[in-house]
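# got a sequence here, can you build the structure:
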Amino acid sequence: MANEKNEQKATVEQRLKSLYQLQTILSEIDRIKQIRGELPVEVKDLEDEIAGLNTRINNHTRDIEELQQNLAAEKEKIAQADSLIARYKEQIDNVRNNREFDLLSKEIEFQTLEIELCEKHIYEYGRAIENKKSDIAAIREVLADRNHTLAEKKEELSEIVSETKEQEEGLRAKAKALEPKINDERLLAAFKRIRKNARNGLGIVYVERNACGGCFNRIPPQRQAEIKMHKKVIVCEYCGRIMIDPELAGVALPASK
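Numbers count the residues shown, from 1 in each chain. Predicted coordinates for the structure are as follows:
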């Protein structure tokens with residue numbers, strides 16, 4: 001029975017030690033990511049902004065094409081109205097009574113109004129086209145600036161990534177090889193979940209000065225004793241982080257004054 005308990009203790013100890021080693025490796029990967037800073041986010045934001053600017057240019061271009069088609073249609077209406085007016089004027093010289101004269105006069109007046117309306121539309125379409133072209137020119141200026149900035153950011157990011165790529169890949173390989181040693185899927189999943197929710201990325205912390213190394217809340221003496229025994233996995237009742245005895249973690253704490 002005693003041997004069984006010792007075996008269980010050794011298993012928990014090994015899991016905790018492996019988990020802390022994994023945390024150390026992942027913290028180093030986090031440090032590498034911090035070196036890159038906000039560059040990956042900035043690059044993504046710039047790419048999204050550039051895509052949006054290109055979409056706006058394409059939309060304006062389509063609008064201009066549609067406006068030009070409308071403008072051409074109005075010019076065609078004017079040409080037809082001019083043709084009709086010319087024909088009505090020829091006919092008005094050969095009318096036989098006042099009724100025919102009045103009808104032709106009204107037709108000429110109607111076509112004249114149609115021409116005026118078409119000219120108004122042509123003016124409006126022309127102004128809209130100029131505004132769209134002006135907008136496109138302004139957008140292209142912004143686009144050129146964003147493309148220049150993106151190229152600089154990408155080059156800067158590429159340099160940082162190339163400097164740290166080999167180191168990061170090595171750390172990720174170590175982390176991947178270490179995970180099976182934890183031999184507890186639920187514990188590993190909980191650790192990853194805690195890490196994801198923690199601002200500093202720490203999923204397991206050692207006890208320092210009788211307090212949790214994550215949230216710094218004081219740990220009751222009984223719980224401290226349980227942590228030192230390494231018989232079971234214990235989490236902080238305040239922050240939920242897994243706790244480990246500093247001696248088991250291989251951390252040398254300064255002597256208390």
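
# okay, CA-based contacts and neighbour counts for the rest of this
Noted.

# now do the helices in the protein.
With helices called from DSSP state H, the chain shows them at 2-36, 39-92, 98-182, 185-197, 221-229, 246-249.

# pairing partners for the longest strand seen in the chain, with directions?
Ranked by residue count, the top strand of the chain under DSSP state E comes out as strand 204-208. Using DSSP bridges, the strands paired with strand 204-208 are strand 211-212 (antiparallel), strand 242-244 (parallel).

# who's in contact with the last one?
In this case it means strand 242-244. Here strand 242-244 makes contact (CA atoms under 8 Å, 6 or more residues apart in numbering) with 16, 191, 203-207, 212, 227-228, 230, 233-236.

# which one of those residues is nearest Arg31?
Proximity of these to Arg31 (CA to CA) peaks at Gly203, which lies at 15.4 Å.

# isn't the closest one up against Cys239?
No. Contact criterion CA atoms under 8 Å: Gly203 and Cys239 do not qualify, at 9.9 Å.

# tell me the most buried of the strands paired with strand 204-208?
Mean neighbour count (mean count of other CA atoms under 10 Å) peaks for strand 242-244 among the strands paired with strand 204-208, with a mean of 26.

# off-centre distance for it?
Using CA atoms, centre = their mean, to the nearest Å, the mean C-alpha position of strand 242-244 is found 34 Å from that of the whole chain.

# and for stretch 215-226?
With CA atoms, centre = their mean, you get 41 Å for stretch 215-226.

# next one: stretch 210-227
Here stretch 210-227 is found 39 Å from its chain centre; the criterion is CA atoms, centre = their mean.

# measure that stretch end to end?
In stretch 210-227, first residue to last residue: 11 Å (CA to CA, to the nearest Å).
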